[in-house]
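**Student:** Quick one, fold the following:
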Amino acid sequence: MSDTTTRPEPHDFNRQVIEALRASGGVLREGPFADAPLLVLHTRGRRSGRPYENPMMYLDLDGRVFVFASRAGHPEHPDWYRNLVADPAVTVERGGETYPARAVVLDEPERARVYGLQSEAFPQFAEYQRQTSRVIPVVELVRAG
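**Tutor:** Residues are numbered from 1 along each chain as shown. Have a look, this model is predicted:
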């Protein structure tokens with residue numbers, strides 16, 4: 001017998017968030033990400049070449065868009081991050097718009113500065129860094145063309 005109160009698998013949860021984000025025109029008004037800045041990042045599998053979509057919070061800083069490979073403080077980088085390191089050509093869905101972009105991993109000290117700004121705005125990001133010994137990467141999504 002299955003427990004109907006269990007949380008959906010991560011893939012199913014991500015799919016639900018993506019569908020809700022698309023249906024809302026880019027802003028969720030309820031649930032765990034209510035009013036949070038969210039985008040959908042499209043990457044290609046580094047081994048399989050398969051397309052992947054991941055919803056994630058972002059920071060818009062003077063027109064520059066940044067995402068954070070926090071994986072909620074997990075000790076390993078998220079797959080989407082490893083995929084974009086292997087192939088930095090990505091697609092971004094944000095605010096009802098879809099566009100090609102190039103993923104650029106930030107170096108220090110800019111990484112620390114941008115991560116600090118995200119942590120100030122959303123304190124869970126500071127907690128994610130405290131939970132892991134790895135330095136959480138920050139990636140700028142630079143619009144192509």
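**Student:** Would you map the strands across this structure?
**Tutor:** Taking DSSP state E, the strands of the chain run over residues 38-44, 51-61, 64-68, 89-94, 97-105, 138-143.
**Student:** on contacts alone, who are the packing partners of the first one?
**Tutor:** With contacts defined as 3 or more Cβ pairs under 8 Å, 6 or more residues apart in numbering; DSSP states H and E, strand 38-44 has these neighbours: helix 10-24, strand 51-61, strand 64-68, helix 79-86, strand 89-94. Yep, even glycine has a C-beta here, placed from its N, CA and C like the rest.
**Student:** Tell me the strands beside the second one, with direction?
**Tutor:** The one in question is strand 51-61. strand 38-44 (antiparallel), strand 64-68 (antiparallel) (DSSP bridges).
**Student:** and residue 11, which of the strands of the chain is closest to it?
**Tutor:** Among the strands of the chain, strand 51-61 comes nearest to residue 11, with 9.9 Å by Cβ to Cβ.
**Student:** Report the contact partners of residue 104.
**Tutor:** 88, 139-142 (Cβ atoms under 8 Å, 6 or more residues apart in numbering).
**Student:** Repeat the analysis, applying 10 Å as the threshold.
**Tutor:** 66, 84, 88, 138-142 (Cβ atoms under 10 Å, 6 or more residues apart in numbering).
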